[in-house]
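Trainee: Quick one: sequence and predicted model below, then my questions.
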Amino acid sequence: MPHLNLTRALATGALTLLASQALSHGDVAPQAVDTTGLPAIEGDWLTENPYRAEQVGEDTWLRAIEIGASGYNQNCARCHGLEVVSGGLAPDLRYLEAEEYGDEWYVERFREGYTQNGITKMPAFGELLGQEAAWAIRTYIEARPDEGALDDYADELKGMRDAMAGYASDPSGSDADALKARLTEISSQIETASGAPVADSVAYRAAKLIDGTAEAYKSAAEVLTIGLSAAN
């Protein structure tokens, strides 16, 4: 059993037992994941995520999240929900702890899959997708913001988005350093559901993009638009 933090997550796990046909995943062929840009993992399967930022640096961590998002959407979202937000039939993986215990449970389930009463609820991905894909998906999952984590900042972020949309046409009156600093400050306050130290939030993503150019403002505004819409 996964070590989940919240009663709700446990309840969704219980619902899994009642949804044998709805969660049957065995007829879906796992889709290969391109892990170009990630450090290769040789030898036996690890029991701890090697792609966390404190181990590989921010750039590789972001690459792992990018690859993990693609791998998750191709192979996991059907049951576990877009953006890892469960619809109630499968455990909400955002609440799987971002620590060694959570890593051990995750990688065992990823490698071996899950069968109940002769029905494949989750296929065995391990041999088909490999370690790099497994840990990239894990990195993406654990970096999801907590439920409602953006609520306190939604209005401010919308205002910043609108300002940056204007700067996309004329950046001359903008203060890129101030916008970047404020977005970074907001991102530092957004918690993950898993307990991972940094959330891959829209504030974090937008801050990374800003460099004072019109194109960067356009991209940052788009990130905020999509992210705020998804949060609602």
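Mentor: Sure, I can see it.
Trainee: what's the pLDDT at the residue nearest to Tyr140 when sequence neighbours are not counted?
Mentor: Residue nearest to Tyr140 in three dimensions, not counting chain neighbours: Gly68, with 3.0 Å by CB to CB, 6 or more residues apart in numbering. (Each C-beta comes from the backbone N, C-alpha and C, glycine too.) Model confidence at Gly68, given as pLDDT, is 97.
Trainee: chain center to the helix or strand hosting Gly68: distance?
Mentor: Using DSSP states H and E, the element containing Gly68 is helix 58-75. For helix 58-75, the distance from its own C-alpha centre to the chain's C-alpha centre is 8 Å (CA atoms, centre = their mean, to the nearest Å).
Trainee: Check stretch 148-163 too.
Mentor: 20 Å.
Trainee: wouldn't the residue nearest to Tyr140 be in contact with Arg138 here?
Mentor: Yes - between Gly68 and Arg138 there is a contact at 7.0 Å, judged by CB atoms under 8 Å.
Trainee: circling back: same for the helix holding Gly68, what does it pack against?
Mentor: Packing partners of helix 58-75 (3 or more CB pairs under 8 Å, 6 or more residues apart in numbering; DSSP states H and E): helix 53-56, helix 126-142.
Trainee: what's next to it, contact-wise?
Mentor: Outside helix 58-75, the residues that touch it by CB atoms under 8 Å, 6 or more residues apart in numbering are 30-31, 33-35, 37-39, 51-53, 56, 80, 82, 84, 125, 129, 132-133, 135-141, 143, 200, 208.
Trainee: Contact partners for the residue most central in space within the chain?
Mentor: Nearest to the centroid of the C-alpha atoms of the chain, with distances taken as CA atoms, centre = their mean, sits Tyr140, at 3.4 Å. Contact analysis of Tyr140 by CB under 8 Å, 6+ apart lists Ala64, Ile65, Ile67, Gly68, Ala69, Gly71, Tyr72, Val84, Asp200.
Trainee: Serialize these to a markdown table and add fields for neighbour count.
Mentor: Output for the contacts of Tyr140, formatted as a markdown table (neighbours: other CB atoms under 10 Å):
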| residue | neighbour count |
| --- | --- |
| Ala64 | 28 |
| Ile65 | 23 |
| Ile67 | 24 |
| Gly68 | 28 |
| Ala69 | 20 |
| Gly71 | 25 |
| Tyr72 | 25 |
| Val84 | 23 |
| Asp200 | 22 |
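Trainee: Pick the one among those residues closest to Gly43.
Mentor: Ala64 (18.9 Å; CB to CB).
Trainee: Next, work out how far apart that closest one and Ile210 are.
Mentor: 22 Å (CB to CB, to the nearest Å).
Trainee: what does Ala193 give?
Mentor: With CB to CB as the criterion, Ala193 and Ile210 are 26 Å apart.
Trainee: Could you check which of those two is surrounded by more residues?
Mentor: Ala193 (26 against 23; other CB atoms under 10 Å).
Trainee: List the contacts of the more buried one.
Mentor: Asn5, Asp92, Arg94, Tyr95, Arg144, Pro145, Asp146, Glu147.
Trainee: Check Val198 too.
Mentor: Ala53, Ala143, Ser187, Thr192, Tyr204 are the contacts of Val198 under CB under 8 Å, 6+ apart.
Trainee: excluding its backbone neighbours, what's nearest the fourth one?
Mentor: What it means is Thr192. Per CB to CB, 6+ apart, closest to Thr192 is Ala199, 4.6 Å.
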